[in-house]
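Peer 1: Got a sequence here, can you build the structure:
(chains A and B)
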Amino acid sequence: SQKIEQNSEALNIQEGKTATLTCNYTNYSPAYLQWYRQDPGRGPVFLLLIRENEKEKRKERLKVTFDTTLKQSLFHITASQPADSATYLCALDRGSGGGADGLTFGKGTHLIIQP
Amino acid sequence: DAGVTQSPTHLIKTRGQQVTLRCSPKSGHDTVSWYQQALGQGPQFIFQYYEEEERQRGNFPDRFSGHQFPNYSSELNVNALLLGDSALYLCASNRLFIYGYTFGSGTRLTVV
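Peer 2: Residues are numbered from 1 along each chain as shown, chains lettered A, B, ... in the order given. As a prediction, the model looks like this:
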């Protein structure tokens, strides 16, 4: 079965700097990789999706890279703000058609942006 | 446009009891998935429903069952509750073939 590793320790970043979060996976290569944000007591919120044939995806201050050779995705938040503090989850699905695959999530990385 | 709605928000049950959790998907979504999230862990996939059928199931025992109704809403049932079933139960919806799931805020289940 698929295993996902994310930085399990909290990541402390100074406001205005770029935060970089790592997601490593084993076994099969997913067709899609997704990143979610989760605040305490809330459900995850979808941020970005990147396909296996895409190297990079951007959305405003967010950037995701996907290296299927290294089996790794990097998630960047540029010009970080205290409001970006949250847990960020990496999730994979196999894209085997029809969106019928359940997501496999990592444990998440707790990001703290310090003023 | 309402997102995913789950009820109840909190629930306390005794070991051995049964529980039913409810989910209304986001308007326009036809697929509903359920996840269990223990404290400090990522969500774990339980199962997914489309057209009132279970399409795929994660590694959960038969004590976990579900249902999807013609209006796409869904229920998660857990029988013979164990202490280890205490968790945040999340419902997620999407349109088939469209990725990027919308999650509800979850139901916090405590088994005592």
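Peer 1: from here on, contacts and neighbour counts on C-alpha atoms
Peer 2: Noted.
Peer 1: residue contacts, the residue lying closest to B:S7 once chain neighbours are set aside?
Peer 2: By the measure of Cα to Cα, 6 or more residues apart in numbering or on different chains, the closest residue to B:S7 outside its immediate chain neighbours is B:R22, 5.3 Å from it. With contacts defined as Cα atoms under 8 Å, 6 or more residues apart in numbering or on different chains, the neighbours of B:R22 are B:6-8, B:73-76.
Peer 1: Kindly recompute the last result at 10 Å.
Peer 2: With contact taken as Cα atoms under 10 Å, 6 or more residues apart in numbering or on different chains, B:R22 is in contact with B:5-9, B:66-68, B:73-77, B:91, B:106-107.
Peer 1: ditto for B:L90
Peer 2: With contact set as Cα under 10 Å, 6+ apart, B:L90 has these partners: A:42-44, B:4, B:6, B:21, B:23, B:33-37, B:43-46, B:103-108.
Peer 1: quick one: A:K71 and A:Q2 touch, right?
Peer 2: No. At 11.5 Å, A:K71 and A:Q2 do not qualify as touching, with contact defined as Cα atoms under 10 Å.
Peer 1: who's in contact with the helix or strand encompassing A:L48?
Peer 2: If you go by DSSP states H and E, A:L48 is part of strand A:45-51. Where contact means Cα under 10 Å, 6+ apart, the residues beyond strand A:45-51 that reach it are A:30-39, A:56-59, A:62-66, A:73, A:75, A:88-92, A:95, B:99-105.
Peer 1: Kindly recompute the last result at 8 Å.
Peer 2: Applying Cα under 8 Å, 6+ apart, the external contacts of strand A:45-51 come out as A:31-38, A:56-57, A:59, A:64-66, B:99-103.
Peer 1: Now restrict those to buried residues only.
Peer 2: Burial of the contacts of strand A:45-51 was assessed by neighbour count (16 or more other Cα atoms under 10 Å in any protein chain shown); the buried members are A:32-38, A:56, A:64-66, B:99-103.
Peer 1: right, and B:R95 touches B:H29 too?
Peer 2: Yes. Applying Cα atoms under 8 Å, one finds B:R95 in contact with B:H29, separated by 4.5 Å.
Peer 1: so where's the chain uncertain?
Peer 2: The chain I'm using is chain A. A:1, A:94-101 (pLDDT under 70).
Peer 1: you looked at the wrong chain, it should be chain B
Peer 2: Short version for chain B, where the test is pLDDT under 70: B:1.
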